[in-house]
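>>> Could you work out the structure for the sequence below:
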Amino acid sequence: QCRKDTVVLDQEKMTYKWYVEQKKEQEKNIVLPFDYYDGMNYTMKNLVDSNFNNHKIFVTGPKEKSIDAYYTMIGQGLLRVILRRIDFVDIDKIKVENDKIWNAFGMRKLDPKLYPPDSFESELVTIYAKARFNQGLAYDIYKRTNYAILEYQEAIKTDAKFASPYKNLGIILKKGDSCL
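Next comes the predicted model:
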């Protein structure tokens, strides 16, 4: 089933003029403010600025620095939603939405030991762990340390080889910012 309310743009393909031209033709309700994306002269900030007021924007993959001063990214499921830094962020509401997403969406066996290290399934386990880590990071930034701890623990439980949640969890516990 095709969702009419969702547009997917491939950041890597946007480096090609033919792709941007094709998307401009196909997606009349999206503003593509450049002929191609290069990350320097034509950035994600240009794209986000041009579409923010009309669309909810989700991203995955590498983060580009051009949006950092104006926008923040909050983990929501396997993606991150882009929000303006000046806007109020109801982190409790986001937590409820994230919990619903995780409860409704799951891989049957999130144990990396069940899959060969270079398999697609093993990579999916790491993606799940990174998504949980990103949510923890957002909670950490908004000083919701107990939420952050739970997400870091979920990331570790999902993929024990993923180092980042251990580091952030250690920093929280060392600072004594939690109620654990």
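>>> Return the residues in contact with the closest residue to Lys17 other than its chain neighbours.
Once flanking residues are discounted, Lys17 sits nearest to Tyr36: 4.8 Å by C-beta to C-beta, 6 or more residues apart in numbering. C-beta here means a position set from N, CA and C on the backbone, and glycine is covered the same way. Residues in contact with Tyr36 (C-beta atoms under 8 Å, 6 or more residues apart in numbering) are Met14, Thr15, Tyr16, Lys17, Tyr19, Val20, Tyr42.
>>> Just the pLDDT for the second one.
Among the per-residue scores, Thr15 holds a pLDDT of 93.
>>> Any figure for the gap between it and Asn46?
Distance, Thr15 to Asn46, by C-beta to C-beta, to the nearest Å: 14 Å.
>>> More neighbours: the two, which one.
Neighbour totals were compared for Thr15 and Asn46, and Asn46 leads with 17 against 14 (other C-beta atoms under 10 Å).
>>> tell me which element that one falls in.
According to DSSP states H and E, Asn46 maps onto helix 44-51.
>>> quick one: contacts of that helix?
The contact list for helix 44-51, computed with C-beta under 8 Å, 6+ apart, reads 9, 11, 30-34, 37, 57, 59, 64, 66-67, 70-71, 82.
>>> give me that answer again for 7 Å
Ile30, Val31, Leu32, Pro33, Phe34, Ile57, Glu64, Ser66, Ile67, Tyr70, Tyr71, Ile82 (C-beta atoms under 7 Å, 6 or more residues apart in numbering).
>>> Now intersect those residues with the strands, please.
Among the contacts of helix 44-51, the ones falling in strands (DSSP state E) are Tyr71, Ile82.
>>> Looking at the contacts of helix 44-51, which is nearest Trp102?
Minimum distance to Trp102 across the contacts of helix 44-51 is 20.4 Å, recorded for Ile82 (C-beta to C-beta).
>>> At which residues are the helices of the chain located?
Along the chain, counting by DSSP state H, helices occupy 17-26, 44-51, 91-104, 120-141, 145-158, 164-175.
>>> most centrally placed residue in this protein?
A centroid search over the chain (C-alpha atoms, centre = their mean) returns Arg80, at 2.5 Å, as the residue closest to the centre.
>>> Using a markdown table, please lay out the helices of the chain together with distance to Gln76.
Output for the helices of the chain, formatted as a markdown table (distance: least, C-beta to C-beta, whole Å):
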| stretch | distance to Gln76 |
| --- | --- |
| helix 17-26 | 23 |
| helix 44-51 | 16 |
| helix 91-104 | 6 |
| helix 120-141 | 8 |
| helix 145-158 | 12 |
| helix 164-175 | 18 |
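>>> how about those helices, which one is nearest Leu114?
helix 120-141 (7.6 Å).
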